[in-house]
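Peer 1: Sequence first, predicted model second:
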Amino acid sequence: MESAVGLLVREVEADTDALGTFAGEVDRTGGPLETAILKARLGLTATGEKLGLASEGSIGGDSMLPVMVDEEIVVFVNVEDDYEVWESFRSHEIIARSACVTEIDDLDAFLVSADFPNHGLIVRPADGSHSLVHKGIHDFDTLKCLVSDVSRASSDSRVIIETDLRAHHCPSRRENIEAAASKLANRLRALCPTCSTPGWGVVRVNRGLPCRWCATETRLVREQVFGCAACTEEQAQWAAITDSADPQWCERCNP
């Protein structure tokens, strides 16, 4: 951010776990964007600064493919001028592993797939108890001891071992956050043509690219609408690579 837009970023201690945790002790009640904005505002409240940055990730199964997907949002909040700018990045390049084991199970194959110890792990009871959740594990001997301890304390002797998805323990997630932050930095360099506020960029798309045969509007994107985070200025730009849609996408020609 400093080299791209002249912002010096410093880390702030804030209780972001109150907004939700990956291990499940606290459920996230808001959406990713809302939560990222709340995180940034927590930091601003703690420091009294006027400009804040925060990220929020959502990691789970892809709805279209049998793989995991990481969706990261990075938000910039300006409380003095009262506006927010954000960008997102979506990637399948994420290590997020989980296994249910007992203390006598061989963990070697799982640890290789989890990229341990490069990626940290969490150990918790499989019975859903949150009283014995251990995070940030990067040492094999510590892992074995904790699996044994939690297994003996668990009501069914089973233990969940899973990737610690907090960014400081998850290098693959950090790369995706960096990509989202890079997109945000580029957006902050773009100024509104009317009021010169940083953050000019796409705010929505307009669908309705007409069918090549019958001119019926399809669901394909026709335009990108660029907008300002602070004022009402918007400009629509043609986004489709052609001026009409293939009839295969038309509900009239291909119902």
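Peer 2: Received it, and whenever you're ready, just let me know what you need. Residues are numbered from 1 along each chain as shown.
Peer 1: what does the host helix or strand of residue 186 rub up against?
Peer 2: Secondary structure from DSSP states H and E places residue 186 in helix 171-188. Helix 171-188 is contacted by residues 1, 4-5, 7, 53, 55, 57, 59, 70, 72-76, 85-89, 91, 93-95, 115, 118-119, 165, 167-168, 198-201 when judged by CB atoms under 8 Å, 6 or more residues apart in numbering. No exception for glycine: its C-beta is placed from N, CA and C like everyone else's.
Peer 1: And the pLDDT for residue 132?
Peer 2: The model reports residue 132 with a pLDDT of 89.
Peer 1: ok, now which ones touch the residue lying closest to it once chain neighbours are set aside?
Peer 2: Counting by CB to CB, 6 or more residues apart in numbering, residue 132 lies nearest to residue 150, which is 5.1 Å off, once chain neighbours are set aside. Taking CB under 8 Å, 6+ apart, we find residue 150 in contact with 123, 124, 125, 132, 134, 159.
Peer 1: between those residues, which is nearest residue 223?
Peer 2: Relative to residue 223, the closest of the contacts of residue 150 is residue 124; by CB to CB it sits at 47.8 Å.
Peer 1: bridging residues for that closest one?
Peer 2: When assigned by DSSP bridges, residue 124 has beta-bridge partners residue 160.
Peer 1: how near is it to residue 20?
Peer 2: The gap separating residue 124 from residue 20 is 16 Å, by CB to CB, to the nearest Å.
Peer 1: which of those two has more neighbours?
Peer 2: Set residue 124 next to residue 20 and count neighbours by other CB atoms under 10 Å: residue 124 wins out with 23 against 17.
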